[in-house]
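# next input, structure requested:
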Amino acid sequence: MKFVLASSNVGKIKEFKDAFKNDEILSLKDVGFDEEIEETGKTFYENAKIKALAVHNFLKKHGKEYSVIADDSGLCVNALGGEPGVYSARYGGDHNKDAAIQKLLKNLEDKADRSAYYECCLVQINPNGSEISAVGRVDGHILKEERGTAGFMYDALFYVDELKKTYGQATIEEKNRTSHRGRAIQALKEKNMK
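Below is the predicted model of the structure:
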């Protein structure tokens, strides 16, 4: 099967290519899509669907019949009502890691509950318009200071219960094996096999 991944993120594209070894994964660049997609959803599912539909409609308009996979993901902190959630990348300004971490730590200063989870939602829209979705999640909690230098954004603050370390301290193999995106990809693959 041919899939278009609604992303320009090189790392994400590689992760999907590794997961879907028997399929062809195309990037937005591969199919000539260069429009800006505004993520206005209130949930990861809504944002993933907005992205998938935008690319699906573009392909349909250009007579290309590929399935489209889009994802949205982020960090959800229970004591903060699920924040930063869909605003994870923009929590401290657009992709400003240091500002996002400072804001998160400040908002958690007086909170006893530091439990949190990463969630990823994938939405696949097939050429006929049918839809498949899948969710992956990993539980942990937010430390008071960063540990490790691997990963990005909140990874060095997010202590993964299953690994007994932060994603900042984890190997790429450990992260891929336990990550919210990896779990969502596996769930989507299983649904495609049915």
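
# which SSE is the residue nearest in space to the middle of the chain in?
With distances taken as Cα atoms, centre = their mean, Ser73 lies nearest the centre of the chain, 3.3 Å away. Assigned by DSSP states H and E, Ser73 falls within strand 67-77.

# C-terminal to that strand, what's the next element?
With elements assigned by DSSP H and E, the helix or strand that comes after strand 67-77 is helix 97-107.

# all strands for this structure, in order.
According to DSSP state E, the chain carries its strands in the segments 2-5, 24-26, 67-77, 115-125, 131-142, 158-160, 165-166.

# now for those, which one comes closest to Met193?
When the strands of the chain are compared by Cβ to Cβ, strand 131-142 sits nearest Met193, at 11.1 Å. C-beta: built from backbone N, CA, C; applies to glycine.

# and for the longest helix seen in the chain, what's in contact with it?
Looking only at the chain and at elements set by DSSP state H, the helix with the highest residue count is helix 44-61. Helix 44-61 has contacts (Cβ atoms under 8 Å, 6 or more residues apart in numbering) with 4, 6, 28, 31, 33, 35, 37-41, 65-66, 68-74, 85-86, 119-125, 127, 129, 131, 133, 135.

# what about this protein, any weak spots by pLDDT?
When residues are selected by pLDDT under 70, none of them lie in the chain.

# ok so, going back, got the angle for the strand holding Ser73 vs helix 97-107?
40 degrees (axes from the mean of the first three to the mean of the last three Cα atoms, to 10 degrees).

# renumber starting at 618 from here on
Right, with 618 as the first residue, what we last looked at is strand 684-694.

# for strand 684-694, name the packing helices and strands.
Judged by 3 or more Cβ pairs under 8 Å, 6 or more residues apart in numbering; DSSP states H and E, strand 684-694 is in contact with strand 619-622, helix 661-678, strand 732-742, helix 797-810.

# and with 10 Å instead?
Counting contacts by 3 or more Cβ pairs under 10 Å, 6 or more residues apart in numbering; DSSP states H and E, strand 684-694 packs against strand 619-622, helix 627-636, helix 661-678, helix 714-724, strand 732-742, strand 748-759, helix 797-810.
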